[in-house]
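3D model of this:
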Amino acid sequence: MVARHYLVGGTLIDGTGAAPRPLHWLAMEGDRIAHIEAGEGPGAPLPPDAEVVENAAGKTVMPGLVDAHCHISYGVARGIEEQDLFASAEYRAIRGVYHARTVLQSGVTSFSDPGGSWFVAVAVRNAIKAGLFPGPRISAAARYLSTHAALTDYFPSWVGTPRSGVGALTEGESQMVNEVRDQVKNGVDFIKIAASGESSILTPGGGSVPAFNAAELKVIVQEAHRLGRRVTAHARSGQSVMDCVDAGIDWIMHADFMNPQQADRLAESGIPCCPALTFTANVADWGHIAGCSQARIDRFKRDLEKAVTNLTYAHRNGVTMMCGTDSGFAVTPYGEWHARELELFVTLLGMSPLEAITCGTRNASITVDGENTGTLQTGKFADLLVVDGDPLADIRILQDRSKLSAIYLGGQAVDRTPQPPMQRWPWERSLQISERELYQHTVRHRARRRLTSHRPTTPQETTP
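Residues are numbered from 1 along each chain as shown. So this is what the prediction gives:
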């Protein structure tokens, strides 16, 4: 007989959207929740022989966070070359399990990896499932299905799409179908489509364009569904969002350039949306700290302003929102920003903290395993957080690791011992020699300033 372990006391936020209520006790049996005794009044007494493993009195008990958009193969990439060209598949997979543990230690008990290089996410998922390494529950995609108009066809045509890159170029419906079949053969949980593209050539005024036509999207979705796999898409262009809706896609990433009429159609379809605002907001707010160019910062500020307008309308008019962060870049390192999306949903989209928590638990869990994760209910996995404080009073508390008193994954307390810092190898840098041009007049100007700043003052100059 499997022993039961008990968590007692605290306030329960169960992730279903229900109001918080007093928690008397929660029983964990194996990796599942066996019983929850909660609500006003005394409740049923704790069994006399109960083994209490966690006293949460004065704290908040809630589901583990679910990040619906975390790229475990990217390795904290500072640029597209690092993301697409450098490091072997083997090294990326080993690096991925290292980073997955960091993600878990930040309170994320499940995440969805919507695309990356080779089958790295599949390998990381399998290694964690096999018990080789600690990490969250993962649902994994592989390379994004792409066209020449798609997000992931970054390099000039004479370079092409590298096999190590995150995009799989598909020219024509037969290649699209074959790529779906190959990815299913190699163990993906779902298919990712780069359904829109951002290009200075295609969209000189900024914005996004559809990368696939409607018929192509339908072929991809139909084949994936026939093989028992779901499909998501990077779709920022409003037209690409509509084409994805018509194709019967399972969930959409971003959708930040859709207009109100398109948002209404998305709401009617019931297809959920993962905006992944954290990536854009981090660059807009703190890109100067990370060394982003001012032009990129200004563009992201404009994009964020559009996204807030469009997504606020979408939320208020019935689009189901999910929290995801686009973690894996240098501006969104693993373990750092997974709870910021909840804060942005509150401060930018006008949600209540409880609504945001629901978006970061139950709603986001559909991208991983909605039947078994995302809420604290009898029969589901015992994936939960004990928070020293009240996230409904201050949603930002979930970003403070010191306030996570305990993390449980499958009924087992997560080891919170910090990992040693990972060394960055010289070849991980992009082959960039400098960040800006070096002109003679710039050198002379700086030299003059330096001389002026060091020139001793005369008595006359110091006289008031």
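
quick one: low-confidence ranges for the stretch 301-450 of the chain?
By pLDDT under 70, the low-scoring segments of the stretch 301-450 of the chain are 425-440, 442.

can you pull out the strands in the stretch 351-464 of the chain?
Listed in chain order, the strands found in the stretch 351-464 of the chain under DSSP state E, counting those that start in this stretch are 384-387, 404-409, 412-413.

The ones you listed into JSON lines, with extra columns for distance to residue 171 and mean neighbour count?
(C-beta placed from N, C-alpha, C; glycine too.) Output for these, formatted as JSON lines (distance: least, C-beta to C-beta, whole Å; neighbours: other C-beta atoms under 10 Å):
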{"stretch": "strand 384-387", "distance to residue 171": "46", "mean neighbour count": "25"}
{"stretch": "strand 404-409", "distance to residue 171": "42", "mean neighbour count": "21"}
{"stretch": "strand 412-413", "distance to residue 171": "47", "mean neighbour count": "14"}
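
Residue 321 is nearest to which of these?
strand 384-387 (20.5 Å; C-beta to C-beta).

to the chain's geometric centre, what's the distance from that closest one?
Distance of strand 384-387 from the chain centroid (C-alpha atoms, centre = their mean, to the nearest Å) equals 20 Å.

For it, which strands pair with it and how are they oriented?
Looking at strand 384-387 with DSSP bridges, its partner strands are strand 60-63 (antiparallel), strand 404-409 (antiparallel).

need these in TSV with distance to residue 131, can you?
Shown next, in TSV, are those (distance: least, C-beta to C-beta, whole Å):
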stretch	distance to residue 131
strand 60-63	23
strand 404-409	12
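
Quote the end-to-end distance of stretch 169-176.
Stretch 169-176 has an end-to-end distance of 9 Å (C-alpha to C-alpha, to the nearest Å).

per-residue confidence averaged over that stretch?
In this model, stretch 169-176 carries a mean pLDDT of 94.

ok, residues contacting that stretch?
145-148, 153, 160-161, 179, 215-216, 219-220, 223 (C-beta atoms under 8 Å, 6 or more residues apart in numbering).

what's near enough to touch the closest residue to residue 10 other than its chain neighbours?
Closest residue to residue 10 in three dimensions, ignoring its sequence neighbours and counting by C-beta to C-beta, 6 or more residues apart in numbering: residue 56, at 3.2 Å. Residue 56 sits next to 7, 8, 9, 10, 23, 386, 405 when contact means C-beta under 8 Å, 6+ apart.

re earlier: and the contacts of stretch 169-176, which are buried?
145, 146, 147, 153, 161, 179, 216, 219, 220, 223 (16 or more other C-beta atoms under 10 Å).

mind listing which of those are in strands?
Counting by DSSP state E, these place 145, 146 in strands.

Let's have the buried ones among the contacts of stretch 169-176 in CSV, adding pLDDT.
Below are the buried ones among the contacts of stretch 169-176 laid out as CSV (pLDDT from 0 to 100):
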residue, pLDDT
145, 95
146, 92
147, 90
153, 84
161, 86
179, 97
216, 96
219, 97
220, 98
223, 98
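
before we move on, back to that, in helices, which of the contacts of stretch 169-176 fall?
179, 215, 216, 219, 220, 223 (DSSP state H).

Could you report the distance from the first one to residue 155?
Distance check for residue 179 against residue 155: by C-beta to C-beta, to the nearest Å, it reads 19 Å.

now residue 120, nearest residue through space, not along the chain?
In this structure, residue 120 finds its nearest non-sequential neighbour in residue 73, 3.8 Å apart by C-beta to C-beta, 6+ apart.

go on, residue 317?
Nearest one to residue 317, counting by C-beta to C-beta, 6+ apart, is residue 267 at 5.5 Å.

who touches residue 341 in this structure?
For residue 341, the contacting residues are 67, 275, 276, 277, 278, 323, 324, 325, 359, 360, by C-beta under 8 Å, 6+ apart.

May I ask you to confirm that the first one is in contact with residue 103?
Put plainly, it is residue 67. Yes. Using C-beta atoms under 8 Å as the test, residue 67 is close enough to residue 103 to be in contact (7.3 Å).

Could you name every residue contacting both of those two?
Here residue 67 and residue 103 have 111, 327, 338 as joint contacts, going by C-beta under 8 Å, 6+ apart.

Let me know how buried the first one is, in neighbour terms.
Residue 111 has 32 neighbours, counted by other C-beta atoms under 10 Å.

ok, now the last one?
By other C-beta under 10 Å, the residues close to residue 338 number 28.

where do the strands sit along the stretch 1-150 of the chain?
4-8, 11-12, 21-29, 32-38, 51-55, 60-63, 65-67, 108-113, 137-140, 144-146.

Could you save those strands as CSV and add columns showing distance to residue 350?
Putting the strands of the stretch 1-150 of the chain into CSV (distance: least, C-beta to C-beta, whole Å) gives the following:
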stretch, distance to residue 350
strand 4-8, 33
strand 11-12, 24
strand 21-29, 25
strand 32-38, 29
strand 51-55, 34
strand 60-63, 21
strand 65-67, 21
strand 108-113, 24
strand 137-140, 29
strand 144-146, 31
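
okay, those strands, which one's buried deepest?
The highest average neighbour count among the strands of the stretch 1-150 of the chain, using mean count of other C-beta atoms under 10 Å, belongs to strand 65-67 at a mean of 32.

Show me what that strand is packed against.
Packing partners of strand 65-67 (3 or more C-beta pairs under 8 Å, 6 or more residues apart in numbering; DSSP states H and E): strand 108-113, helix 364-365.

Adding distance to residue 250, write these out as a markdown table.
Output for the helices and strands packed on strand 65-67, formatted as a markdown table (distance: least, C-beta to C-beta, whole Å):
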| stretch | distance to residue 250 |
| --- | --- |
| strand 108-113 | 11 |
| helix 364-365 | 13 |
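
For residue 51, find the nearest of the ones you listed.
Here strand 108-113 is closest among the helices and strands packed on strand 65-67 (C-beta to C-beta), at 22.1 Å.

Kindly format the C-alpha coordinates of that closest one as CSV.
Provided in CSV are the C-alpha atoms of strand 108-113 (Å, rounded to 0.1, in the frame of the first residue of the first chain):
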residue,chain,number,x,y,z
VAL,A,108,7.4,25.8,-12.8
THR,A,109,6.3,22.2,-12.6
SER,A,110,5.3,21.9,-16.2
PHE,A,111,6.2,23.6,-19.4
SER,A,112,5.5,23.4,-23.1
ASP,A,113,8.4,23.7,-25.5
